[in-house]
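Engineer: following is a predicted model, sequence given first.
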Amino acid sequence: MISAPRGTSDILPPDSSLWQHIEQCARTLFQRYGYAEIRTPVFEHTELFVRSIGDTTDIVEKEMYTFPDRKGRSLTLRPEGTASVVRACLEHKLFSLGKLLKFFYAGPMFRYERPQSGRQRQFHQIGVELFGTSSPLADAEVIAMMVRFFEATGVRNPTVILNTLGDTDSRSAYRAALLSFVTPHLPNLCPDCQRRAERNILRVLDCKVPSCKAIFSSPDTPRTISSLSSSARAHYTAVRQALDALHIPYTEDPTLVRGLDYYTHTIFEVRHGALGAQDALGGGGRYDNLVREMGGPDVPGVGFAIGVERLVMALCQASVPPTSRAPDVALIAHDEQALRDNLVLADILRGRGLSVLTWYDLQSVKAQMRQANNAKVRWAVIQGEDERHHGLLKLKDMRVGTERLCSLDELVTILSANLPS
Ligand code: AMP
């Protein structure tokens, strides 16, 4: 037997209806904020991710699914969505200065990580990107939209964690402060962090090695907030004020850095208490230099991505029931002729928008009725030799048990009139 590769999973009913519920919530809510869907390829040229995510990040150094195609070009299964969205906007010339662009996406992402609860090698993200404004109001609205989305799906008490990396000047000041803090600790750091100290000091804060984590969580570790320029500080204050006005609670964490190089100013994560070690439901931030660094105009951006598997876990713990709809009508057959007729009748009813339960092999009427009951159908239509002889069908209201005989036209009219909204 061939099993699914490690770190991947099948999404089966009834869980798949929870996935549909999540995607439906995203589509409905994001549309209200003016976001339109974008779909980009699952693989891209490797260079795209190396340039945008950063060649010293964990994702690019260790986690990418990279392979040569048959012509020897290096391709990578996308580890995240933002780089592809920026690439698509550049390729289709969608950016122009001062123009707002709002996109959302949903789909699989791939990272070669050690699988554990809440961490897979193929996982799914739903994300949004807003381009064309550097206003702190946009940061606050994007964070609020993420919280409203979690609320709409049924998550209780999502926690927003907030920090800022500041602008380019603030980041260089912070790098310098962090480097002078790290230098005396160098001999005690893991080889990766020793390398990071040389190449990209900020990334030491992503280190998962416990002895390094202990050093970087000490109260003496420099905080991004202490290195902010006055304009970066003003931006951050305005984001917090806007979140307060929206009544979005948040907790500030001056050690939050997030694992990608392109962030500037606001960064945030939403966590959920019931998820265990991998407790981030999603995260995002502002990325004002990314479009320019990828060869485009000076267009700022802000966005987030949420992890669908983790959201499903949080919803299962909140025991949100799956939302699949019971069939409206079951077509019960007494004989082989009725089975054939029901194939056509089902086609007519489905064309009218009804969800129809039918069978392909003859079973006893009792067995069919039992399955119809278990499926919680509202109506049963029973066709046997008697009914057929008179050109009629028997319609049973399964809620109250009443039966009536009717013609095909009457049946279609009655059932169509009782369509669920
Ligand atoms: P990131 O793109 O790293 O900012 O991740 C955004 C969100 O995607 C995280 O908060 C998680 O919910 C989810 N996520 C990231 N990596 C994984 C993974 N390997 N498995 C499952 N979910 C993930």
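Structural biologist: It's in.

Engineer: can you tell me which residue of the stretch 251-400 of the chain sits closest to the ligand?
Structural biologist: Nearest to the ligand, among the residues of the stretch 251-400 of the chain, is residue 307, at 2.2 Å (C-beta to the nearest ligand atom). All C-beta atoms are positioned from the backbone trio N, CA, C, and that covers glycine.

Engineer: that residue and residue 127 touch, don't they?
Structural biologist: No: taking contacts as C-beta atoms under 8 Å, residue 307 lies outside contact range of residue 127: 10.0 Å.

Engineer: what is the neighbour count of residue 194?
Structural biologist: Using other C-beta atoms under 10 Å, residue 194 is surrounded by 16 other residues.

Engineer: if I've got this straight, it is in a helix?
Structural biologist: Yes: judged by DSSP: H, G, I helix; E, B strand; the rest coil, residue 194 forms part of a helix.

Engineer: I'd like the distance between the closest residue to it other than its chain neighbours and the ligand.
Structural biologist: Residue nearest to residue 194 in three dimensions, not counting chain neighbours: residue 186, with 6.0 Å by C-beta to C-beta, 6 or more residues apart in numbering. For residue 186, the distance to the ligand (C-beta to the nearest ligand atom, to the nearest Å) stands at 27 Å.

Engineer: so residue 186, which of the three states?
Structural biologist: Going by three-state DSSP: residue 186 is helix.

Engineer: tell me the pLDDT of it.
Structural biologist: pLDDT, residue 186: 92.

Engineer: average pLDDT for stretch 45-63?
Structural biologist: Stretch 45-63 comes out at a mean pLDDT of 93.

Engineer: for it, what is the distance to the chain centroid?
Structural biologist: 21 Å (C-alpha atoms, centre = their mean, to the nearest Å).

Engineer: CA atoms only: put that stretch into PDB for me.
Structural biologist: Taking Å, rounded to 0.1, in the frame of the first residue of the first chain, the C-alpha atoms of stretch 45-63 are listed here in PDB:
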ATOM      1  CA  HIS A  45      11.500  30.200 -10.200                       C
ATOM      2  CA  THR A  46      13.600  29.600  -7.100                       C
ATOM      3  CA  GLU A  47      15.200  33.000  -7.400                       C
ATOM      4  CA  LEU A  48      11.800  34.600  -6.600                       C
ATOM      5  CA  PHE A  49      11.800  33.300  -3.100                       C
ATOM      6  CA  VAL A  50      15.500  33.700  -2.500                       C
ATOM      7  CA  ARG A  51      15.300  37.400  -3.300                       C
ATOM      8  CA  SER A  52      12.000  38.200  -1.500                       C
ATOM      9  CA  ILE A  53      12.100  36.000   1.600                       C
ATOM     10  CA  GLY A  54      15.900  36.400   2.100                       C
ATOM     11  CA  ASP A  55      18.700  33.900   1.500                       C
ATOM     12  CA  THR A  56      19.600  33.700   5.200                       C
ATOM     13  CA  THR A  57      16.100  32.900   6.500                       C
ATOM     14  CA  ASP A  58      15.200  29.400   7.700                       C
ATOM     15  CA  ILE A  59      12.700  29.000   4.900                       C
ATOM     16  CA  VAL A  60      15.200  29.600   2.100                       C
ATOM     17  CA  GLU A  61      18.200  27.900   3.800                       C
ATOM     18  CA  LYS A  62      16.500  24.700   5.000                       C
ATOM     19  CA  GLU A  63      12.800  24.400   4.100                       C
END
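
Engineer: how about the secondary structure of residue 143?
Structural biologist: helix.

Engineer: state the distance from the residue lying closest to it once chain neighbours are set aside to residue 42.
Structural biologist: Of all residues not flanking residue 143 in the chain, residue 268 sits nearest, at 5.6 Å (C-beta to C-beta, 6+ apart). Residue 268 sits 27 Å away from residue 42, going by C-beta to C-beta, to the nearest Å.

Engineer: ditto for residue 5
Structural biologist: 15 Å.

Engineer: where are the low-confidence patches of the protein?
Structural biologist: 320-324, 420-421 (pLDDT under 70).

Engineer: how about the residues of it near the ligand?
Structural biologist: 80, 111, 113, 118-120, 123, 125, 259, 280-283, 305-307, 309-310 (C-beta under 6 Å from any ligand atom).

Engineer: next one: phi and psi at residue 102?
Structural biologist: Backbone dihedrals for residue 102, given as degrees, to the nearest 10, come out at phi -130, psi 120.

Engineer: ok, residue 217 next?
Structural biologist: Phi and psi for residue 217, reported as degrees, to the nearest 10, are phi -100, psi 10.

Engineer: check residue 378 too.
Structural biologist: phi -80, psi -40.

Engineer: for the stretch 301-421 of the chain, which segments are assigned as strands?
Structural biologist: In the stretch 301-421 of the chain, the strands defined using DSSP state E, counting those that start in this stretch lie at 301-307, 329-333, 356-357, 379-383, 393-397, 403-406.

Engineer: just put these in a markdown table and tack on distance to residue 58.
Structural biologist: A markdown table is the format used below for the strands of the stretch 301-421 of the chain (distance: least, C-beta to C-beta, whole Å):
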| stretch | distance to residue 58 |
| --- | --- |
| strand 301-307 | 16 |
| strand 329-333 | 53 |
| strand 356-357 | 49 |
| strand 379-383 | 56 |
| strand 393-397 | 60 |
| strand 403-406 | 66 |
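
Engineer: dump these into JSON lines; add mean neighbour count as well.
Structural biologist: Shown next, in JSON lines, are the strands of the stretch 301-421 of the chain (neighbours: other C-beta atoms under 10 Å):
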{"stretch": "strand 301-307", "mean neighbour count": "24"}
{"stretch": "strand 329-333", "mean neighbour count": "25"}
{"stretch": "strand 356-357", "mean neighbour count": "20"}
{"stretch": "strand 379-383", "mean neighbour count": "22"}
{"stretch": "strand 393-397", "mean neighbour count": "19"}
{"stretch": "strand 403-406", "mean neighbour count": "14"}
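
Engineer: returning to that earlier point: which ones among the residues of the chain next to the ligand lie within strands?
Structural biologist: Assigned to strands by DSSP state E, the following of the residues of the chain next to the ligand qualify: 123, 125, 280, 281, 282, 283, 305, 306, 307.
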